[in-house]
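Enquirer: Below is the structure, and that's it, no one-letter string:
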């Protein structure tokens with residue numbers, strides 16, 4: 001494969017994608033989309049009543065990092081690790097960023113991570129997949 005084609009393929013693979021459960025304000029998705037970041041809300045795909053394990057499975061299959069403030073995801077992470085399963089990554093919002101003021105913090109952090117991956121300073125598989133990142 002030529003250098004130009006390889007660079008195109010590599011940059012295509014560098015995109016960071018997100019997914020939110022129903023507990024994350026819609027404004028997060030709106031703000032990230034305005035920045036050109038790929039984000040889906042569970043409501044967008046008819047999964048607003050899905051179980052947390054289904055959200056994590058979907059996000060993992062789609063190579064998306066799930067954004068949540070649901071404490072069940074820490075337990076899901078532990079269960080998946082014990083079973084030898086890997087997930088797409090979890091951004092867990094701590095209690096003090098679960099209000100309207102926290103929207104900006106979530107958007108800023110997701111934007112920064114997206115830029116790091118786009119610029120090659122971070123990689124989805126190495127830095128986000130199968131990890132819990134606490135948003136504080």
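Expert: It's in. The shown structure was predicted, so the numbers you read here are calculated from the model rather than taken from an experiment.
Enquirer: C-alpha from now on. contacts and neighbour counts both.
Expert: Will do.
Enquirer: Tell me the span between the first and last residue of stretch 111-128.
Expert: Length of stretch 111-128, first residue to last, C-alpha to C-alpha, to the nearest Å: 14 Å.
Enquirer: Lowest average confidence across helices and strands of the chain, where is it?
Expert: Using mean pLDDT, DSSP states H and E, helix 3-13 stands out as the lowest-scoring helix or strand of the chain, at a mean of 42.
Enquirer: just checking, what packs against the very next helix or strand once past that helix?
Expert: Once the chain leaves helix 3-13, the next helix or strand it forms, by DSSP states H and E, is strand 17-20. In terms of contacts (3 or more C-alpha pairs under 8 Å, 6 or more residues apart in numbering; DSSP states H and E), strand 17-20 is packed against strand 38-41, strand 64-68.
Enquirer: Against which helices or strands is the longest one packed?
Expert: Yep, that's strand 64-68 we're talking about. For strand 64-68, the packing partners by 3+ C-alpha pairs under 8 Å, 6+ apart come out as strand 17-20, helix 52-61, strand 90-93.
Enquirer: Mind doing that once more with 10 Å?
Expert: strand 17-20, strand 38-41, helix 52-61, strand 90-93, helix 100-118, strand 132-135 (3 or more C-alpha pairs under 10 Å, 6 or more residues apart in numbering; DSSP states H and E).
Enquirer: closest to residue 31 out of these?
Expert: Distance to residue 31, taken as C-alpha to C-alpha, is lowest for helix 100-118 among these, at 6.8 Å.
Enquirer: ok, residues contacting the helix or strand following the closest one?
Expert: As assigned by DSSP H and E, the chain's next helix or strand after helix 100-118 is helix 124-127. Identification of contacts with helix 124-127 by C-alpha atoms under 10 Å, 6 or more residues apart in numbering yields 13-17, 63-65, 88-89, 113-114, 116-117, 121, 130-131, 133.
Enquirer: and residue 49, which of the three is it?
Expert: Classification of residue 49 using DSSP: H, G, I helix; E, B strand; the rest coil returns coil.
Enquirer: pLDDT below threshold where in this protein?
Expert: Counting by pLDDT under 70, the chain has low-confidence residues at 1-14.
Enquirer: Just give me the residue closest to the centre of it.
Expert: residue 65 (2.1 Å; C-alpha atoms, centre = their mean).
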